[in-house]
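Asks: Sequence plus the predicted model coming up.
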Amino acid sequence: MKISRRVWLFAILLAAFALRMFCFGVSSLWYDETVSVYLAQQDLIELTRHTAGDIHPPFYYYLLHFWGALAGWSEFAMAFASLCFGILLIALVYRVTREWFNPRVALLAALFVAVSPFNLWYSQEVRMYTLGAVLGLASVYWFARVLALTADRRPLTAILRSSDFIAYAIVSALGLYTLYYFAFLLVFENLIAITRIVQDSKSEIRNRKSKIGVWVFSQLAILALYLPWAFIALRQATDPPVPPWRSFTELPQVLFESFSALAFGQSLEPAFALPALIVIAAVIAIALKAGGERSTVGGLFLLGYTFVPLAIIYALSLWKPLYHVRYVFVFSPAFYLLLALGLEQIRNSQFATRNLRFTFFVLLFASYLSLCAFSSYQFWFNPKYAKDDLRGAVNYIAERWRPGDAILINAGYTHTAFEIYYKQPIAWRGRLIAYPPTNVSLGTYQRLVDLRDGAIVLQTGSIGGAPNLGWGDPRSDFYATTADETRAALDRVFAAHSRVWMLRLYDTVVDPDGVIRNHLATRGRLIDDEGFAGESFARVQGYLTARAPMNAAPSTITRREVLLGNRIVLLGFEPASLTVRAGQTIDVNLYWQAKEPPNVDNRLFIGLYAADGTLVASNDTLPIGNALGTSRWTPGEILRAPIRLRVPAHSSPGIYNLRITMYNPLTNEALEARGNRVVENSQIELASVAVE
C-alpha cells in the first residue's frame, strides 16, 4: 500500500521531535542563554530598556517573556520555545520546497532538516536562532511570491494590496526585530530584485516600472515597521556598548567551518568530515543546474540565500569582526533544499542504469545520515561539546557561601547566570567600585556585615575597557573601570570580609591583565578551586582575605579542646547557643589547629540530632575547602571554618544537638576524638539548637 506524503511528513516531524527531546533541558544554560532567561523575566518596560543597551533586538525576548509566564522558567520550559520553532522550520521547509520544486524533494529536504545536527543544536538552545531561521525562510518565500506577481504583470497597486506583499513586509520586519544579522538576508533579496530589474531592461517599460515600484515600496514598508527600533539598532552597530570578544577569522576557515556546520553541525570536526564534505559539495554543484517550477527560484538562488549573507558578514569583518558560525544558522534552510535537490537530480539522471542510480542514491543518503547520527552522538555525549555548567558553578558557591563572605561576579558575563541560578538571599548587590555603600562607613560596615542575612554580591567591570561601555548607564551590565580603582575596591572588600568567592568566566576578556586574579592570589589565600564542564572553563575560587596566619583564637569562642587522630585539635566554636526556625540554616564557626598535618584531606560530618538520638539533618563537607585541605594545614596555625546546616522545614519545635565528626574519606573511619563532650563514634557535641 502506498503511503501518502502527509503520513511521511508526519513521521518526519514526529522523529524530529523525538530527536530534539533526547537529553532536552538537562544541561545548564550557558551565558547567552542565561541572558535570554534573565531578560524574559523582566517586565516589558525593563526588558525593552535593557535590550536597547545590549546588542540584540527585543522580539525574541518578548516572546520568551510571555512563554515563560505560561510554561514556567525551567531550562526545559525555556528551551521548548526554540524546539517549537525548530519543528515549525521543518514543516515550512516542506511547504516551501513543495511549491518551488516537487513533493519528493520537499520530503527529502524536510528529512535533512529533521536530522541535521546543526538544527538539533539550536532547537535545544534558549536563543533566537530557530525563530530567526523560520522568519528568514518565510521572508524569502514571500519575496519569491511577490517577484512572481511582478512577472505576471499585475498592476502595482494590486501587488501592494496583496497578502503576499503584506506578509513579506511583516515577517521581514519581525526578522530584523529578532536578530540584526537578518539584515544580510534582506541584502540578498535586494540583490536578487535588482538583478531581475536589470534583466528586464529589454522588456516593456511598464512592467519594469512595476518591478521597481514593488521593490522600493517593499523596502519602505519594512523600514516603516522597523523605524521605532532603527535608531537604537544604528547606535548599537556603530557604538557597541559591550566589549569586543570576537577575533578576525580568515576566509578559508569561514567557508570550511560554515560548510561543515551546515552539513554535520558543530559537533563534528571539519577535518574528520572532509571527504564527506567534498562529496556534499559535488551534490550541491549538481543541484545548481536545477530550477523550480517558477523561474524565480533555482539552484543559484538557493546558494545565494545561504552564502551571500555569509560573504557580507566576512566583508564587514574586515572592518569589525562579526563572524561566528552560529549566525550562519539563520541562512541555513536553503542548504538542505540544495542537498535534497542534488540527490534528486542524481536519482533522475541518465548517467547509469536505473538500479545503479538508485544504489548510488541510497549509498549517499545512508552515508549522510550516518555522519549526522555520529555528530549528534558527539553533541549529546562528548564533554568537548557540553554547555558551560554555570548552574553547577553557581550552586557550588551557594553551598559554600557563609555569612560574612563576599561574592565576586562579572557584571557583563556572569551576572545573568548568577541571577538565574542563585536561590539564596542577597543582602547587597552592586558594582564592586561602589562598595561599600556610600551611606555606610567601612568601620560600621565591618561591625554589621556578619549579621547580614544574605550574600554580598559584587559585580566587577571591564578593566581598561573603552569609556563607551554601557553608554555610561549605571544600570548597564557592562561598565569600564581601571586597574587602580579595582584594586582599591578589592582592598575595601578584604577589610570588610574574611572570605571572598569568585565566579570566573570570560575573565580574560574583561580582565586581560589579570588584575583581580593577581590581587586575590597575592593578597589572599586560596582555599577552594573548582572547574566546571564546558568549552569556556567556568571556575569557582575561594580565598581567605587574611594572608597572614591566625595565631590566636578569638576570646569569644566556646572552648572545646578535642584532639582528633593525634594530629588536629578542635579549639572551639561560636556562637555558644543557637535558636532557629524550622527551614532555616544553622551557621557555626569552628576553630581548628593542626599539630601535625595528616596525610589525607579529611572530611567533616555535621549532624543535627533530636533528643532521642535520631538524626534529623546532616551535611558532609571539607573543613575549609579543596585547595586548603587538612593535609596542607600549617602546624600551629589556627583556621576558622564556617559550617552550615539547614534544619528541615517539617522539624518539630524542641531542643536538638549539633555534632561533628572528622573522618578519613579513603577508609570512611572517624578520627579518634579525645576531649570534652565526645560521644559515641567519636562524635563531638558542639551546641544545643533550639528549633522554634
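Replies: Cool, the structure landed. Note that this is a predicted model, so its numbers are computed, not measured. Residues are numbered from 1 along each chain as shown.
Asks: who's in contact with the strand or helix carrying residue 11?
Replies: Assignment of secondary structure by DSSP states H and E places residue 11 within helix 5-21. With C-beta atoms under 8 Å, 6 or more residues apart in numbering as the test, helix 5-21 has contacts from 83, 86-87, 90-91, 94, 103, 106-107, 110-111, 113-115, 120, 123-124, 376. Where you see a C-beta, it was placed from the backbone N, CA and C, and this is true even at glycine.
Asks: pLDDT of stretch 366-383, averaged?
Replies: Taken as a whole, stretch 366-383 has a mean pLDDT of 94.
Asks: Oops, could you answer that again for stretch 638-647 instead?
Replies: 94.
Asks: do stretch 583-599 as well
Replies: 92.
Asks: Pull out the buried residues from it.
Replies: 586, 587, 588, 589, 590, 591, 592, 593, 594, 597, 598 (16 or more other C-beta atoms under 10 Å).
Asks: what two of those are the furthest from one another?
Replies: 586 and 597 (28.1 Å; C-beta to C-beta).
Asks: Name the single longest helix found in the protein.
Replies: Ordering each helix of the chain by length in residues (DSSP state H) puts helix 205-238 first.
Asks: helix or strand right after it?
Replies: Immediately after helix 205-238, counting by DSSP H and E, sits helix 251-264.
Asks: List the neighbours of that following helix that are in contact with it.
Replies: Contacts of helix 251-264 (C-beta under 8 Å, 6+ apart): 117-118, 249, 268, 270, 273, 276-277, 280-281, 306, 310, 314, 323, 325, 328-329, 332, 335, 371-372, 375.
Asks: Next, residue 555: secondary structure please.
Replies: Three-state assignment for residue 555 (DSSP: H, G, I helix; E, B strand; the rest coil): coil.
Asks: Give me the subset of the contacts of helix 251-264 lying in strands.
Replies: Here DSSP state E is the test, and these give no hits in strands at all.
Asks: Show me which of those residues are buried.
Replies: Going by neighbour count (16+ other C-beta under 10 Å), the contacts of helix 251-264 have 117-118, 249, 268, 270, 273, 276-277, 280, 306, 310, 314, 323, 325, 328-329, 332, 335, 371-372, 375 buried.
Asks: Now do the longest helix of the chain: which elements does it pack against?
Replies: Packing partners of helix 205-238 (3 or more C-beta pairs under 8 Å, 6 or more residues apart in numbering; DSSP states H and E): helix 129-151, helix 156-160, helix 163-178, helix 182-199.
Asks: What is the distance between it and the centre of its chain?
Replies: 33 Å (C-alpha atoms, centre = their mean, to the nearest Å).
Asks: Kindly report the same for stretch 491-502.
Replies: The mean C-alpha position of stretch 491-502 is separated from the chain mean by 29 Å, C-alpha atoms, centre = their mean.
Asks: follow-up on the earlier one: quick one: work out the angle between the longest helix of the chain and helix 163-178.
Replies: 10 degrees (axes from the mean of the first three to the mean of the last three C-alpha atoms, to 10 degrees).
Asks: Can you mark which positions in stretch 158-176 are buried?
Replies: 159-160, 162, 164-165, 167-176.
Asks: Look up phi and psi at residue 409.
Replies: phi -130, psi 160 (degrees, to the nearest 10).
Asks: ranking the helices and strands packed on helix 205-238 by burial, who's on top?
Replies: helix 129-151 (a mean of 24; mean count of other C-beta atoms under 10 Å).
Asks: could you give me the average pLDDT of it?
Replies: 93.
Asks: and it, what other elements does it pack with?
Replies: Partner elements for helix 129-151 (3+ C-beta pairs under 8 Å, 6+ apart): helix 59-71, helix 75-100, helix 117-123, helix 156-160, helix 163-178, helix 182-199, helix 205-238, helix 333-348.
Asks: at 6 Å what do you get?
Replies: Identification of packing neighbours for helix 129-151 by 3 or more C-beta pairs under 6 Å, 6 or more residues apart in numbering; DSSP states H and E yields helix 75-100, helix 117-123, helix 163-178, helix 205-238.
Asks: Kindly calculate the angle that it makes with helix 333-348.
Replies: Going by the same axes, to 10 degrees, helix 129-151 makes 70 degrees with helix 333-348.
Asks: What are the contacting residues of helix 129-151?
Replies: 60, 82, 85-86, 88-89, 92, 96, 122-123, 159, 164-165, 167-168, 171-172, 174-175, 178-179, 185, 189, 210-211, 214, 294, 296-297, 305, 329-330, 333 (C-beta atoms under 6 Å, 6 or more residues apart in numbering).
Asks: Which of the buried residues of stretch 583-599 sits closest to residue 645?
Replies: Of these, the one sitting nearest to residue 645 (C-beta to C-beta) turns out to be residue 586, at 4.7 Å.
Asks: Would you tell me what helix or strand that closest one is located in?
Replies: Assigned by DSSP H and E, residue 586 falls in strand 585-594.
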